[in-house]
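K.L.:
Next come a sequence and a model predicted from it.
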Amino acid sequence: MKEFWDQRYGEAVYVYGKEPNAFLKEKIGPLRPGQALFPAEGEGRNAVYAATLGWQVTAFDYSEAGRRKAEALAREKGTRIDYRVAGIENFAFPESAFDLVGLFFAHQPSASRRLLHQQAAQSLKPGGMVILEAFSKQQLGLPSGGPKQADLLFSAEELEEDFSSLHLHLLEETETVLSEGPYHSGPARVVRLVGRMKE
């Protein structure tokens with residue numbers, strides 16, 4: 001899988017674009033900047049956007065090619081991020097360290113998904129937030145992107161269980177139209193979550 005992502009992110013273009021995810025842009029705007037974590041961050045578009053708003057950003061992905069493009073994008077935007085090459089299984093999630101965790105299309109098999117989401121929640125400070133968007137299981141068969149195996153797609157019920165330690169402000173499965181580079185384009189079925197760590 002690492003080889004797959006190194007090859008994809010090795011393309012000259014930013015395969016999911018340089019602009020941030022629209023749902024992140026909507027939800028992060030009212031928040032006061034603090035410490036943010038972006039797991040499975042690929043080419044860095046969301047992490048870099050948060051950094052331009054004043055967030056102190058840590059990001060990781062197991063693709064070295066993704067890291068290089070993320071750091072280039074940060075330079076282009078006149079900001080900096082702390083981007084580490086690591087997988088979910090070997091990134092050391094610090095406890096109670098972040099005001100925000102952003103999870104965008106961070107698709108994993110069910111066991112890894114639960115681990116990622118639980119560790120993400122544990123890394124939040126009291127009052128810290130998770131903002132998540134990913135493809136729902138209804139995305140199968142649509143040409144706008146995403147994994148082709150149901151186990152790699154999400155449902156609202158799974159996310160409610162994964163993030164049971166949070167107070168959920170929003171949890172929905174909905175339709176949207178993606179315009180995020182050549183691999184996320186067109187009508188899509190997504191699941192969205194906004195949750196806050198109880199204080």
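P.N.:
Okay, I see it. Residues are numbered from 1 along each chain as shown.

K.L.:
Quickly note the distance from residue 72 to residue 65.
P.N.:
When distance is defined by C-beta to C-beta, to the nearest Å, residue 72 is 11 Å away from residue 65. For the C-beta atoms, the positions are set from N, CA and C on the backbone; glycine is no exception.

K.L.:
ok, the two, which is more surrounded?
P.N.:
It is residue 65, of residue 72 and residue 65, that has more neighbours when counted by other C-beta atoms under 10 Å, with 19 against 14.

K.L.:
in which helix or strand would I find the closest residue to residue 144 other than its chain neighbours?
P.N.:
In space, and not counting its chain neighbours, residue 144 is closest to residue 186: 3.7 Å by C-beta to C-beta, 6 or more residues apart in numbering. Counting by DSSP states H and E, the element that carries residue 186 is strand 185-197.

K.L.:
Residue 102 belongs to a strand?
P.N.:
Yes. Inclusion of residue 102 in a strand is indicated when DSSP: H, G, I helix; E, B strand; the rest coil is applied.

K.L.:
got a list of what it touches?
P.N.:
Under the criterion of C-beta atoms under 8 Å, 6 or more residues apart in numbering, the contact list for residue 102 reads 24, 28, 36-38, 46-47, 50, 130-132.

K.L.:
And those, which is closest to residue 196?
P.N.:
Nearest to residue 196, judged by C-beta to C-beta, of the contacts of residue 102 is residue 130 at 7.9 Å.

K.L.:
surely that closest one meets residue 170?
P.N.:
No. Taking C-beta atoms under 8 Å as the definition, residue 130 is not a contact partner of residue 170, at 10.5 Å.

K.L.:
Those two - which one has more neighbours?
P.N.:
More neighbours surround residue 130 than the other of residue 130 and residue 170, with 26 against 12 (other C-beta under 10 Å).

K.L.:
Which secondary structure state is assigned to the more buried one?
P.N.:
Under three-state DSSP, residue 130 comes out as strand.
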